[in-house]
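Novice: With the input below, show me the fold.
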Amino acid sequence: VVINTKPGAGGAIGMATVANAPADGYTLLAAHPFINTLPEAERQFGRSVAFDRSHFAPLSLIVADPLVFVVKGDAPWKTYDEFIADAKRRPDSIPYSSSGAYSAVHLPIEMLAHSAGIKLRHVPYSGGGPALTAVLGNVVAATAGAPAVLSPQIKAGELRALVVTGAKRHPLLPDTPTATELGYKDAEFYLWVGLFASIKTEETMLLQLRRDLAKAASDPEFVAYMAKLGAPLDVRDGPAFQAFLERDAQRITQAIRRIGRVE
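Specialist: Down below sits the predicted model:
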């Protein structure tokens, strides 16, 4: 396997590379939620997108990691319900940082806020690192991130985890509730990674790729390595991955349309 990183245009360059490659099963796309986010975000500005999810055949979901919503370790809110109650008392006053407009931090926090019926103040940064630094430096009150990234600072007391966006509690943060179990619906969000092939690839090749990926994802060494990284495996074959993508796209589309244009 040769990994060829194609950054730029929110993932569109990487998608175009795979879409334009020979559909022989030898050039695959590793993608994340932006394959659903990018087209809808572009529509907010009246721009067309050359490539989207319809150009690709889903092979396998590999990881679906929820995000954890955090505040500083000495913040006044001990629980998520306390945070919500305070935000309701003073709408649009509590600032949170994100890694940019429509990012994998911006969207889930807005989904959490919508589910709870609150209004927070969005402060976008140029990446997850600066967004986290803003919380630690008391510039903003909250942010969100991957549990594997934030759990060391949570355990050290520098950050306090209030809620997780997954359907079940995260193994690295077993004491942190999910939004769903607290009664806040429609706030499910995952920073997932999956593999795709060109939609033009022959069905026999797609079936072979799916079988090979399922075998690789069940390899004990791979499973152990992913567990060490703190990235819970959520392997789903093509049709199940497609169903996951449809639900993910629906949640993301609704969130972006509520947010509207972010200049």
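
Novice: Phi and psi next, for Asp234.
Specialist: With angles defined as degrees, to the nearest 10, Asp234 sits at phi -140, psi 70.

Novice: Tell me which stretches of the chain form helices.
Specialist: 12-20, 34-43, 80-89, 106-116, 128-136, 147-155, 203-217, 220-229, 238-259 (DSSP state H).

Novice: right, and those helices - which one's nearest Thr178?
Specialist: helix 80-89 (9.8 Å; Cβ to Cβ). C-betas here are computed from N, CA, C, even on glycine.

Novice: From the contact counts, what lies against that closest one?
Specialist: Packing partners of helix 80-89 (3 or more Cβ pairs under 8 Å, 6 or more residues apart in numbering; DSSP states H and E): helix 106-116, strand 159-164.

Novice: quick one: it to chain centroid distance?
Specialist: Centre-to-centre, helix 80-89 and its host chain are 24 Å apart (Cα atoms, centre = their mean, to the nearest Å).

Novice: how many other residues sit next to Glu82?
Specialist: 13 (other Cβ atoms under 10 Å).

Novice: May I ask you to confirm that Val49 is in contact with Leu38?
Specialist: Yes: contact criterion Cβ atoms under 8 Å: Val49 and Leu38 qualify, at 6.3 Å.

Novice: the more surrounded of those two?
Specialist: Neighbour comparison, Val49 and Leu38: the larger count goes to Leu38, with 21 against 15 (by other Cβ under 10 Å).

Novice: Would you agree Gly157 is in contact with Val70?
Specialist: No: with contacts counted by Cβ under 8 Å, Gly157 stays clear of Val70, the gap being 11.8 Å.

Novice: Neighbour count: those two, which is higher?
Specialist: The residue with more neighbours, out of Gly157 and Val70, is Val70; 27 against 10, by other Cβ under 10 Å.

Novice: For that one, which residues are in contact?
Specialist: Val135, Ala142, Thr143, Ala144, Gly145, Leu150, Ile154, Leu159, Arg160, Ala161, Leu162 (Cβ atoms under 8 Å, 6 or more residues apart in numbering).

Novice: Just grab the bridge partners of it for me.
Specialist: Thr143, Ala161 (DSSP bridges).

Novice: quick one: it from Pro130, how far?
Specialist: 15 Å (Cβ to Cβ, to the nearest Å).

Novice: same question, Ile62
Specialist: From Ile62 to Pro130 the distance is 28 Å (Cβ to Cβ).

Novice: Which one of the helices of the chain lies nearest to Val2?
Specialist: Judging those by Cβ to Cβ, what sits closest to Val2 is helix 12-20, at 12.7 Å.

Novice: quick one, the closest one and helix 34-43 angle?
Specialist: Counting by axes from the mean of the first three to the mean of the last three Cα atoms, to 10 degrees, helix 12-20 lies at 110 degrees to helix 34-43.

Novice: Distance from helix 12-20 to the middle of the chain?
Specialist: Using Cα atoms, centre = their mean, the offset of helix 12-20 from its chain centre is 20 Å.

Novice: Buried by neighbour count: which residues of that helix qualify?
Specialist: Ala12, Gly14, Met15, Ala16, Val18, Ala19 (16 or more other Cβ atoms under 10 Å).

Novice: you'd agree the fifth one is up against Gly25?
Specialist: Spelled out, it's Val18. No: with contact defined as Cβ under 8 Å, Val18 does not count as touching Gly25 (11.2 Å).

Novice: so what's the residue nearest the centre of the chain up against?
Specialist: Centroid-nearest residue in the chain, with Cα atoms, centre = their mean: Leu191, separated by 2.6 Å. Taking Cβ under 8 Å, 6+ apart, we find Leu191 in contact with His32, Pro33, Ala64, Asp65, Pro66, Leu67, Ala104, Ala146.

Novice: what do you get if the cut-off is 10 Å, keeping everything else the same?
Specialist: Leu191 sits next to 32-33, 63-67, 104-105, 108, 144-147, 165, 231 when contact means Cβ atoms under 10 Å, 6 or more residues apart in numbering.
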